[in-house]
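Student: Any chance you could fold what I've pasted below:
(4 chains)
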Number of protein chains: 4
Amino acid sequence: MKQAEIRSDIAWATPSKVVVHGLDLCEEIVGKIDFGQMAFLQLFARLPEARELRVFNAMMVILVEHGITPSSLATRMTYAGAPEAVQAAVAAGLLGLGSVFVGSLDNAARLLQASLPDPANVPDVDALAQQIVEDYRARKEIVPGIGHPFHKPIDPRAPALFRVARENGYDGPYIRLMTAIGNEAEKTLKRSLPVNVTGAMAAVASEMGIPWRICRGLAVSARAVGLVGHILEEMRQPLATALYLRTEHEACAHLVPNEHEEPR
Amino acid sequence: MKQAEIRSDIAWATPSKVVVHGLDLCEEIVGKIDFGQMAFLQLFARLPEARELRVFNAMMVILVEHGITPSSLATRMTYAGAPEAVQAAVAAGLLGLGSVFVGSLDNAARLLQASLPDPANVPDVDALAQQIVEDYRARKEIVPGIGHPFHKPIDPRAPALFRVARENGYDGPYIRLMTAIGNEAEKTLKRSLPVNVTGAMAAVASEMGIPWRICRGLAVSARAVGLVGHILEEMRQPLATALYLRTEHEACAHLVPNEHEEPR
Amino acid sequence: MKQAEIRSDIAWATPSKVVVHGLDLCEEIVGKIDFGQMAFLQLFARLPEARELRVFNAMMVILVEHGITPSSLATRMTYAGAPEAVQAAVAAGLLGLGSVFVGSLDNAARLLQASLPDPANVPDVDALAQQIVEDYRARKEIVPGIGHPFHKPIDPRAPALFRVARENGYDGPYIRLMTAIGNEAEKTLKRSLPVNVTGAMAAVASEMGIPWRICRGLAVSARAVGLVGHILEEMRQPLATALYLRTEHEACAHLVPNEHEEPR
Amino acid sequence: MKQAEIRSDIAWATPSKVVVHGLDLCEEIVGKIDFGQMAFLQLFARLPEARELRVFNAMMVILVEHGITPSSLATRMTYAGAPEAVQAAVAAGLLGLGSVFVGSLDNAARLLQASLPDPANVPDVDALAQQIVEDYRARKEIVPGIGHPFHKPIDPRAPALFRVARENGYDGPYIRLMTAIGNEAEKTLKRSLPVNVTGAMAAVASEMGIPWRICRGLAVSARAVGLVGHILEEMRQPLATALYLRTEHEACAHLVPNEHEEPR
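Tutor: As a prediction, this is how the structure comes out:
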């Protein structure tokens, strides 16, 4: 059998040295760069410029914590059964970051990047937005990145992120296109559909040149931090066992014959 | 059934506002604090002081990337089968952060914190270290946090982290105890056993008042970032398929009868 | 907030009784039905007829074990890091059962069921197959369920499964359509493309009335058994650590400067 | 670097043949053995005798389905976020099968096998049980395998499994020791503590010569089947989204200031 090449360019080590993406861990990383810079380095294989770092940090801090969600409940349920395996509880919570929650971020970024493959060569953004909204309507699909079932009329995280982006010089065609898509959808569907946090993040990531395929990875790594916070709270102040017992009782009570015995 | 209380104090939201650990996400977090501060906030429910943040960042950046490991290979193998589910590939890599790799960090931190329950009331550290090494020897267990199979004679990450800790005023009894344990083990076992990165991290975390149970969570969340970096490389420059085909061939060749047919 | 109903109909218990899908666990299941029947009961909420059970068993036994695969390697890598968490090692291996491997089963079953929504009302199967192959060609997609990179010219598992199905009276339009698709693709693409194990399984499942969405679940549950077998072998005869050390050496050697120090 | 051997003895294939544990998949497995036999073959590398198979089946069917548990809720929460990744939802549910739930099975089997290393050479079982109960009491640990918080006074699954074991000739020292431990604990602790399902399973597995380290694997593979059943119900009749919204509301309501805005 021919041997295909097996090669990785991320890191290497000798007994006295560790090098990550070309930087000496002990001399150039520890004590020199912070966690945000390190995350950027690991994802993009280079250190960020100051303005890139500020916008990257803004995106990451938004992604860390979303409260009691299916994801944080999966983490807490897993911790209740396997408290010795904190890594498994974090993993369980990450597993639900799929098409329903984080997928809309990928989808919005893909839509923007496919619609504007060359940001230096921008067509009429309003016409493009109109075309996009029509296409989604014709296919009976939901346009990603606009509207929010709870944060109405405006998802406050979208303008907050756009503000940081603008202050750092990211204010180009992807942000304009995303905004135009929201406006166009509002006109067509006759209800308030401003850009939501997902759309804002997709637009800002596109401005920064971040490929859409990476967006889910950003979300997953930030959320891992968030889920550890839920485990720490579950250690101090557990809710998983009470919640499952109560749910079992409610979900199954209709099955138990009304006899001499009490269900759980 | 009595209803047990179900309560979480991490975050809350109204349509126009999101609050995490008491801070308004859009007003006080986005654009104001960075990813390292946010991680600290999520884990400790308060913002770090400047010196805490510098040492926390130093610990986190060390934990992000460890090259080709069982963990990064599990991530890459999973990505090869389910490229549409990046979250599953990260989760698969986290799952192996158990007793063999990250467990030594927990164990070292637990040893230090159990041995010095009150850092304000410190006994003779050398006598304590001697006792600890004797106890582990008697139980035929390996003392956590010292020696390294590859980084010999010294794991360069340990002095790098201790330096950052010292520069920021963390230079107390846990670091002294960990160092004394290394010295004592070298004397008893007659080979070089300096504090390794795990021992250094456990000692510094203990100086910062971080409970040992949280240490694995720090490692898991930093490594999630690292694993996303491996997925990005696997997208550009895959190795998983070549590695599995080659491994299958080598592992199973002895089973295939030497006949007319070729095994894979 | 209005309370949506939370209800499950799978199982219930009183202190003296456990009931699963309407059967008393201690009186009607333990010692009365076997693991294959129980799996069928859990998936379809009723016991199988004898002929259904024989074909279901035939599908399940094919799915259990596929040798050294990305999935079994992810399990072994995870076990190497967390031997105390066998459940995490099994989970890691399951996570890669996505679009590349098991997805083709879903896709083939979906194709068959969408093409023949009513098995009692079957059009000309050859014309339908011709249309399907043309559609895939026009979209430049691979037709699922036919051909195999290694099992050439014929995947022996396909005729083996079709034989069991036929012996038990499952020999209807879905099997005919799947076979016709293979024939048609061979004619069009001018190479041998017989139905593979995935296509056979999709066709037989469709004959049995199993919805395509469930097919991945069958594969996942059978493979969980298989992965436990790999963990047991890894306990006795480990390969993960040797494999990762060797891979690290090979993948990163080109990065290490040719100096006084030896890389790992 | 010296190359360590990488070898697996489970399966091999040529283009026209697949062999698993020495049996030809297409000739000797498909249509010839059922799912229970295949699971036994995969775990023990040989086919079971008829009586072994009956008892193995009895253990497996008990393990499949346990109703609404933290594990099945983690699966359903994950499915709600990533319905396209059924494998991830099953994996999430498996991850919580740790020390709290399935760990007691390992612990009970380990206790029995460590206490009676040679089943052909059995000491006074009552004296041994007395010693065991005293040791656990002295260490303030809970004796595994006896008593149940809900199935009182008797867990009905224990006698059901013991009955099948006895009918098949498994009625030896491990079952006697487990029973004696229950009796002894009742005498010492002055409350009803009969052998529970976990204790019964541990005793029967020990009679069959199944090493305690494998017991968790049995449970994990059976439960994978069970979790697929929960996903199928969640597809038809979802509860995860209602449960998380309700939980979020209840858990966080105390944080929301009593103002003009409504929390979720």
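Student: From residue D:79, how far out is residue A:72?
Tutor: Remark: distance between residue A:72 and residue D:79 (Cβ to Cβ, to the nearest Å) = 16 Å. The way it works is simple: take the backbone N, C-alpha and C, and place the C-beta from them, glycine included.
Student: residues in contact with the closest residue to residue A:211 other than its chain neighbours?
Tutor: Closest residue in space to residue A:211, ignoring its immediate chain neighbours: residue A:113 at 7.3 Å, by Cβ to Cβ, 6 or more residues apart in numbering or on different chains. Applying Cβ atoms under 8 Å, 6 or more residues apart in numbering or on different chains to residue A:113 gives the contacts A:174, A:206, A:211, A:212.
Student: Ok, residue A:205 next?
Tutor: By Cβ under 8 Å, 6+ apart, the contact list for residue A:205 reads A:59, A:109, A:212, A:214, A:215, A:218.
Student: at 7 Å instead, please
Tutor: A:59, A:109, A:215 (Cβ atoms under 7 Å, 6 or more residues apart in numbering or on different chains).
Student: Going by secondary structure, it is in what exactly?
Tutor: Secondary structure from DSSP states H and E places residue A:205 in helix A:197-207.
Student: what are the phi and psi angles of residue A:84?
Tutor: Recorded main-chain torsions at residue A:84 are phi -80, psi -10, according to degrees, to the nearest 10.
Student: whoops, I mixed them up, residue A:22
Tutor: Reported as degrees, to the nearest 10, the phi and psi values for residue A:22 are phi 80, psi -10.
Student: count of neighbours near it?
Tutor: Using other Cβ atoms under 10 Å in any protein chain shown, residue A:22 has 15 other residues around it.
Student: quick one: it from residue C:258, how far?
Tutor: Per Cβ to Cβ, residue A:22 is found 17 Å from residue C:258.
Student: Name the SS class of the spatially most central residue of chain A, please.
Tutor: Nearest to the mean C-alpha position of chain A, by Cα atoms, centre = their mean, lies residue A:219 at 2.8 Å. The three-state label given to residue A:219 by DSSP: H, G, I helix; E, B strand; the rest coil is helix.
Student: residue contacts, it?
Tutor: Residue A:219 is in contact with A:63, A:97, A:102, A:105, counting by Cβ under 7 Å, 6+ apart.
Student: The residues you listed in helices, which ones?
Tutor: Of these, the ones assigned to helices by DSSP state H are A:63, A:105.
Student: Closest one of the contacts of residue A:219 to residue A:123?
Tutor: Nearest to residue A:123 among the contacts of residue A:219 is residue A:105, at 24.3 Å by Cβ to Cβ.
Student: could you pull out the helices for the stretch 151-264 of chain A?
Tutor: A:157-167, A:173-189, A:197-207, A:212-236, A:240-252 (DSSP state H, counting those that start in this stretch).
Student: Mind giving me the packing neighbours of the last one?
Tutor: Contact analysis of helix A:240-252 by 3 or more Cβ pairs under 7 Å, 6 or more residues apart in numbering or on different chains; DSSP states H and E lists helix A:70-81, helix D:70-81 as its packing neighbours.
Student: how big is the angle separating it from helix A:70-81?
Tutor: 110 degrees (axes from the mean of the first three to the mean of the last three Cα atoms, to 10 degrees).
Student: Contacts for helix A:240-252, please.
Tutor: A:76-77, A:79-80, A:234, A:263-264, B:1, B:3-4, B:6, C:6-8, C:12, D:67-70, D:73, D:239, D:243, D:247.
Student: quick one: buried residues of it?
Tutor: For helix A:240-252, burial by neighbour count (16 or more other Cβ atoms under 10 Å in any protein chain shown) applies to A:240-252.
Student: ChimeraX command for the buried members of the contacts of helix A:240-252?
Tutor: Here is the ChimeraX command that picks out the buried ones among the contacts of helix A:240-252, judged by 16+ other Cβ under 10 Å:
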select /A:76,77,79,80,234,263,264 /B:6 /C:6,7,8,12 /D:67,68,69,70,73,239,243,247
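Student: Which of the contacts of residue A:219 ranks first by neighbour count?
Tutor: When neighbours are counted by other Cβ under 10 Å, residue A:97 leads those with 31 neighbours.
Student: Would you quantify the distance from it to residue D:85?
Tutor: Counting by Cβ to Cβ, the gap from residue A:97 to residue D:85 is 10 Å.
Student: Format the buried residues of helix A:240-252 as TSV; extra columns: pLDDT.
Tutor: Below are the buried residues of helix A:240-252 laid out as TSV (pLDDT from 0 to 100):
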residue	pLDDT
A:240	97
A:241	96
A:242	96
A:243	97
A:244	96
A:245	95
A:246	95
A:247	96
A:248	95
A:249	94
A:250	94
A:251	95
A:252	94
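Student: Just list the residues touching residue A:31, thanks.
Tutor: Residue A:31 makes contact with B:58, B:163, B:164, according to Cβ under 7 Å, 6+ apart.
Student: how about the last one, what does it touch?
Tutor: Taking Cβ under 7 Å, 6+ apart as the criterion, residue B:164 is in contact with A:30, A:31, B:54, B:55, B:58.
Student: quick one: low-confidence parts of chain A?
Tutor: For chain A, applying pLDDT under 70 flags the ranges A:1-3, A:259-264.
Student: residues from it in reach of chain D?
Tutor: Taking Cβ under 7 Å from any Cβ of the partner chain, the part of chain A that reaches chain D is made up of A:67-71, A:73-74, A:77-78, A:80-85, A:88, A:91-92, A:95-101, A:150, A:239-240, A:243-244, A:247-248, A:251-252, A:264.
Student: quick one: residue A:152 and residue B:16 touch, right?
Tutor: No. Between residue A:152 and residue B:16 there is no contact, the gap being 8.8 Å when judged by Cβ atoms under 7 Å.
Student: closest to residue B:40 among the contacts of residue A:205?
Tutor: Among these, and counting by Cβ to Cβ, the member closest to residue B:40 is residue A:59, at 17.9 Å.
Student: How about the closest one, nearest residue that isn't a chain neighbour?
Tutor: Excluding the flanking residues, the one nearest residue A:59 by Cβ to Cβ, 6+ apart is residue A:201, at 5.7 Å.
Student: number of nearby residues for the one you found?
Tutor: Residues lying near residue A:201 (other Cβ under 10 Å) number 29.
Student: For it, list the residues it contacts.
Tutor: Shown in contact with residue A:201 (Cβ under 7 Å, 6+ apart): A:59, A:105, A:161.
Student: which one among these gets closest to chain B?
Tutor: Nearest to chain B, judged by Cβ to the nearest Cβ, of those is residue A:161 at 6.2 Å.
Student: can you tell me which residues contact the closest one?
Tutor: Neighbouring residues of residue A:161 by Cβ under 7 Å, 6+ apart: A:58, A:59, A:62, A:200, A:201, A:204, B:30.
Student: now for the strand or helix carrying the second one, which elements pack on it?
Tutor: So that's residue A:59. Using DSSP H and E, residue A:59 maps to helix A:50-64. Other helices and strands packing on helix A:50-64, by 3+ Cβ pairs under 7 Å, 6+ apart, are helix A:35-44, helix A:157-167, helix A:197-207, helix A:212-236, helix B:35-44.
Student: If we use 10 Å, what do you get?
Tutor: On a contact count with 3 or more Cβ pairs under 10 Å, 6 or more residues apart in numbering or on different chains; DSSP states H and E, helix A:50-64 meets helix A:35-44, helix A:157-167, helix A:197-207, helix A:212-236, strand B:17-20, helix B:35-44.
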